[in-house]
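>>> 3D, please:
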Amino acid sequence: MEKLTRHRWIAAGFEALDQAGHTGVSAESLARRLNVTRGSFYHHFRNREDFVRALLAAWEEDYTGRMLAYAGQGRSARETLQRYLEIAAQKQPGREVSIRAWSLHDPLVAEFQQRVDARRLAFAIQACRRLAPAPGQAEVIGQMAHLCLIGGQQAGIRRDAARFNGFVSRAFALVEGVIAPWRG
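Predicted structure coming up:
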(Lines give C-alpha, C1' and ligand atoms only; values in the text may rest on other atoms or scores of the structure.)
Protein backbone atom coordinates (compact mmCIF):
# COMPACT_ATOMS: atom_id res chain seq x y z
CA MET A 1 0.00 0.00 0.00
CA GLU A 2 1.23 3.49 -0.88
CA LYS A 3 2.45 5.56 2.06
CA LEU A 4 0.02 8.32 2.95
CA THR A 5 1.66 11.74 2.70
CA ARG A 6 0.58 15.39 2.69
CA HIS A 7 0.89 15.24 -1.08
CA ARG A 8 -1.59 12.34 -1.27
CA TRP A 9 -4.07 14.25 0.91
CA ILE A 10 -3.73 17.25 -1.42
CA ALA A 11 -4.22 15.02 -4.47
CA ALA A 12 -7.36 13.63 -2.82
CA GLY A 13 -8.51 17.22 -2.23
CA PHE A 14 -8.12 17.97 -5.94
CA GLU A 15 -10.00 14.79 -6.84
CA ALA A 16 -12.80 15.87 -4.51
CA LEU A 17 -12.89 19.34 -6.06
CA ASP A 18 -13.01 17.84 -9.56
CA GLN A 19 -15.76 15.37 -8.74
CA ALA A 20 -17.86 16.91 -5.97
CA GLY A 21 -16.88 20.59 -5.77
CA HIS A 22 -15.78 22.37 -2.63
CA THR A 23 -18.37 20.60 -0.47
CA GLY A 24 -16.35 17.39 -0.94
CA VAL A 25 -13.29 18.94 0.69
CA SER A 26 -13.60 17.98 4.33
CA ALA A 27 -11.39 15.87 6.58
CA GLU A 28 -14.12 13.27 6.87
CA SER A 29 -14.90 12.96 3.15
CA LEU A 30 -11.21 12.95 2.22
CA ALA A 31 -10.49 10.25 4.81
CA ARG A 32 -13.29 8.13 3.31
CA ARG A 33 -11.86 8.75 -0.17
CA LEU A 34 -8.43 7.57 1.04
CA ASN A 35 -9.89 4.76 3.16
CA VAL A 36 -8.18 5.94 6.35
CA THR A 37 -9.29 7.41 9.64
CA ARG A 38 -9.97 11.11 10.07
CA GLY A 39 -7.17 11.22 12.64
CA SER A 40 -4.69 10.66 9.82
CA PHE A 41 -5.72 14.02 8.37
CA TYR A 42 -4.67 15.74 11.60
CA HIS A 43 -1.39 13.85 11.57
CA HIS A 44 -0.54 15.64 8.29
CA PHE A 45 -2.28 19.01 8.84
CA ARG A 46 -2.76 21.13 11.96
CA ASN A 47 -6.35 21.92 11.03
CA ARG A 48 -8.66 22.46 8.05
CA GLU A 49 -7.21 25.91 7.34
CA ASP A 50 -3.70 24.43 7.13
CA PHE A 51 -5.00 21.88 4.61
CA VAL A 52 -6.90 24.48 2.56
CA ARG A 53 -3.81 26.71 2.43
CA ALA A 54 -1.65 23.77 1.26
CA LEU A 55 -4.25 22.73 -1.33
CA LEU A 56 -4.67 26.24 -2.73
CA ALA A 57 -0.93 26.94 -2.72
CA ALA A 58 -0.43 23.81 -4.85
CA TRP A 59 -3.24 24.96 -7.19
CA GLU A 60 -1.78 28.48 -7.41
CA GLU A 61 1.68 27.16 -8.28
CA ASP A 62 0.45 24.71 -10.91
CA TYR A 63 -2.44 26.67 -12.41
CA THR A 64 -0.71 30.05 -12.33
CA GLY A 65 3.04 29.80 -11.75
CA ARG A 66 3.69 26.99 -14.23
CA MET A 67 1.01 28.22 -16.63
CA LEU A 68 2.52 31.70 -16.84
CA ALA A 69 6.08 30.36 -17.12
CA TYR A 70 5.00 28.27 -20.12
CA ALA A 71 3.06 31.13 -21.70
CA GLY A 72 5.96 33.54 -21.19
CA GLN A 73 8.06 31.46 -23.58
CA GLY A 74 5.97 32.72 -26.51
CA ARG A 75 7.99 34.52 -29.19
CA SER A 76 5.33 37.14 -29.88
CA ALA A 77 2.47 38.72 -27.97
CA ARG A 78 -0.03 36.65 -29.93
CA GLU A 79 1.85 33.40 -29.28
CA THR A 80 2.23 34.29 -25.60
CA LEU A 81 -1.52 34.89 -25.24
CA GLN A 82 -2.35 31.76 -27.21
CA ARG A 83 -0.07 29.74 -24.95
CA TYR A 84 -1.67 31.41 -21.90
CA LEU A 85 -5.12 30.28 -22.98
CA GLU A 86 -3.98 26.97 -24.51
CA ILE A 87 -2.39 25.68 -21.32
CA ALA A 88 -5.46 26.83 -19.42
CA ALA A 89 -7.58 24.74 -21.79
CA GLN A 90 -5.52 21.68 -20.90
CA LYS A 91 -6.04 22.06 -17.15
CA GLN A 92 -9.06 20.74 -15.24
CA PRO A 93 -11.65 23.47 -15.92
CA GLY A 94 -14.02 22.03 -13.30
CA ARG A 95 -11.37 22.50 -10.63
CA GLU A 96 -11.19 26.22 -11.29
CA VAL A 97 -14.97 26.51 -11.46
CA SER A 98 -15.18 24.76 -8.06
CA ILE A 99 -12.51 27.01 -6.54
CA ARG A 100 -14.20 30.14 -7.90
CA ALA A 101 -17.56 29.00 -6.42
CA TRP A 102 -15.85 28.14 -3.12
CA SER A 103 -14.28 31.60 -3.00
CA LEU A 104 -17.76 33.12 -2.81
CA HIS A 105 -18.28 31.41 0.57
CA ASP A 106 -14.82 31.29 2.12
CA PRO A 107 -12.63 34.39 2.66
CA LEU A 108 -9.43 32.33 2.68
CA VAL A 109 -10.25 30.82 -0.70
CA ALA A 110 -11.28 34.26 -1.97
CA GLU A 111 -7.85 35.58 -0.98
CA PHE A 112 -6.15 32.92 -3.15
CA GLN A 113 -8.60 33.41 -6.03
CA GLN A 114 -8.09 37.18 -6.06
CA ARG A 115 -4.31 36.79 -6.01
CA VAL A 116 -4.41 34.28 -8.88
CA ASP A 117 -6.74 36.51 -10.91
CA ALA A 118 -4.54 39.57 -10.31
CA ARG A 119 -1.39 37.69 -11.34
CA ARG A 120 -2.97 36.26 -14.48
CA LEU A 121 -4.49 39.59 -15.47
CA ALA A 122 -1.18 41.43 -14.97
CA PHE A 123 0.54 38.81 -17.14
CA ALA A 124 -2.06 39.14 -19.91
CA ILE A 125 -1.83 42.93 -19.89
CA GLN A 126 1.96 42.84 -19.98
CA ALA A 127 1.88 40.45 -22.95
CA CYS A 128 -0.58 42.74 -24.73
CA ARG A 129 1.74 45.75 -24.41
CA ARG A 130 3.75 44.26 -27.31
CA LEU A 131 0.57 43.80 -29.35
CA ALA A 132 -1.16 47.09 -28.58
CA PRO A 133 1.26 49.86 -27.59
CA ALA A 134 -1.29 52.70 -27.54
CA PRO A 135 -2.34 53.82 -24.03
CA GLY A 136 -5.19 51.76 -22.63
CA GLN A 137 -5.30 49.17 -25.43
CA ALA A 138 -3.17 46.57 -23.65
CA GLU A 139 -5.37 46.80 -20.58
CA VAL A 140 -8.54 46.22 -22.63
CA ILE A 141 -7.12 43.33 -24.66
CA GLY A 142 -5.44 41.77 -21.60
CA GLN A 143 -8.72 41.96 -19.69
CA MET A 144 -10.46 40.37 -22.70
CA ALA A 145 -7.96 37.47 -22.69
CA HIS A 146 -8.37 37.04 -18.94
CA LEU A 147 -12.16 37.06 -19.21
CA CYS A 148 -11.97 34.54 -22.07
CA LEU A 149 -10.11 32.23 -19.72
CA ILE A 150 -12.69 32.64 -16.95
CA GLY A 151 -15.68 32.61 -19.29
CA GLY A 152 -14.38 29.54 -21.11
CA GLN A 153 -14.21 27.75 -17.76
CA GLN A 154 -17.66 28.79 -16.64
CA ALA A 155 -19.33 28.09 -19.99
CA GLY A 156 -17.67 24.71 -20.35
CA ILE A 157 -16.12 25.62 -23.72
CA ARG A 158 -12.66 24.80 -22.35
CA ARG A 159 -13.63 21.14 -22.08
CA ASP A 160 -13.21 21.07 -25.88
CA ALA A 161 -9.67 22.44 -26.19
CA ALA A 162 -9.69 22.49 -30.02
CA ARG A 163 -12.95 24.47 -30.12
CA PHE A 164 -11.72 26.87 -27.42
CA ASN A 165 -8.35 27.41 -29.12
CA GLY A 166 -10.08 27.98 -32.48
CA PHE A 167 -12.33 30.60 -30.89
CA VAL A 168 -9.35 32.33 -29.27
CA SER A 169 -7.38 32.36 -32.55
CA ARG A 170 -10.30 33.93 -34.41
CA ALA A 171 -10.81 36.49 -31.61
CA PHE A 172 -7.15 37.55 -31.66
CA ALA A 173 -7.16 37.79 -35.46
CA LEU A 174 -10.11 40.19 -35.17
CA VAL A 175 -8.37 42.21 -32.46
CA GLU A 176 -5.19 42.46 -34.51
CA GLY A 177 -7.24 43.57 -37.53
CA VAL A 178 -8.81 46.36 -35.51
CA ILE A 179 -5.54 47.47 -33.88
CA ALA A 180 -3.38 47.37 -37.03
CA PRO A 181 -4.88 50.56 -38.60
CA TRP A 182 -4.21 52.46 -35.34
CA ARG A 183 -0.51 51.70 -35.35
CA GLY A 184 1.63 54.54 -36.52
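
>>> Rank the helices and strands of the chain by mean pLDDT and give me the bottom one.
Scoring the helices and strands of the chain by mean pLDDT, DSSP states H and E places helix 161-179 at the bottom, with a mean of 68.

>>> Domains in the protein, by residue range?
With domains defined by automatic domain parsing, the chain comprises 1-45, 55-182.

>>> what about the first one, distance to the chain center?
Using C-alpha atoms, centre = their mean, to the nearest Å, the mean C-alpha position of domain 1-45 is found 21 Å from that of the whole chain.

>>> for the chain, what are the low-confidence residue spans?
Counting by pLDDT under 70, the chain shows low-confidence ranges at 1-2, 156-162, 164-165, 168, 172, 175-184.

>>> For the domains of the chain, give me a markdown table that also has mean neighbour count.
Any C-beta I mention is one placed from the backbone N, CA and C, and that applies to glycine too. Output for those, formatted as a markdown table (neighbours: other C-beta atoms under 10 Å):
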| stretch | mean neighbour count |
| --- | --- |
| domain 1-45 | 16 |
| domain 55-182 | 17 |
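
>>> All the helices of the protein, residue numbers only.
With helices called from DSSP state H, the chain shows them at 6-20, 27-34, 38-44, 48-60, 67-71, 77-90, 93-103, 107-131, 137-155, 161-179.

>>> so H22 touches V97, yeah?
No: look at H22 against V97 with C-beta atoms under 8 Å: they stay out of range, at 10.1 Å.
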